[in-house]
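K.L.:
I would like to see how this sequence folds:
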Amino acid sequence: MSDSDRICVGAIGGAFGVKGEVRLKSFTATPEDIASYSPLASEDGTRRFDITLTGQTKNGFTARLSGVTSKEAADALRGTRLHAERSQLPNLPDDEFYHADLIGLSVFDTGGTFLGQVRAVLNHGATDLLEIHGPDLKSTVLLPFTLEAVPTVDLTAGRIIADPPEGLI
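P.N.:
Modelled structure (predicted):
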């Protein structure tokens, strides 16, 4: 299975209580939908878990994972990223994208000059940021993923047209 067939939808934050429940962070648009995409697989695909949400915490949910029955087993999974099969996920409207589809795209300015490639998609609250690395960039550029700064995303051509704010690049 290729990485493009799987989408990261959450991560395990560690144990919750002593009976094997975990703290679960959801990266889905509707956070509680994470359970409906189960079973979810570890990043390397070696482990699969059925997910049952059991409650809410400050930054996510508490959940029971199939096969995890002790605090020690739950703690051992801390930091594990959970992936769903792309076929399990809903199709998105034309103006929405899975982060996994944006990573690796080439970024060009509105004049056609190559700026770099998207290495990551970050979100620190207000809006998504595209982390761009390129040969002519002095450092990493964090481009706001807004319609103004990124007027065109062409997944078929594997490119983004960017109109970065003045002084960003």
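
K.L.:
which helix or strand in this protein has the lowest average pLDDT?
P.N.:
helix 99-102 (a mean of 88; mean pLDDT, DSSP states H and E).

K.L.:
what comes into contact with the helix or strand following that helix?
P.N.:
As assigned by DSSP states H and E, the chain's next helix or strand after helix 99-102 is strand 106-109. The contact list for strand 106-109, computed with CB atoms under 8 Å, 6 or more residues apart in numbering, reads 114-118, 130, 132, 134, 143, 158-164, 169. For the C-beta atoms, the positions are set from N, CA and C on the backbone; glycine is no exception.

K.L.:
any idea how far the residue with the largest distance to the centre of the chain lies from residue 128?
P.N.:
Distance to the chain centre peaks in the chain at residue 111, reaching 29.8 Å (criterion: CA atoms, centre = their mean). Going from residue 111 to residue 128 by CB to CB, to the nearest Å gives 24 Å.

K.L.:
show me the shaky parts of this structure.
P.N.:
Applying pLDDT under 70 to the chain flags residues 1-4.

K.L.:
and with 80 instead?
P.N.:
1-4, 29, 123-126, 167, 169 (pLDDT under 80).

K.L.:
sweet, I'm off.
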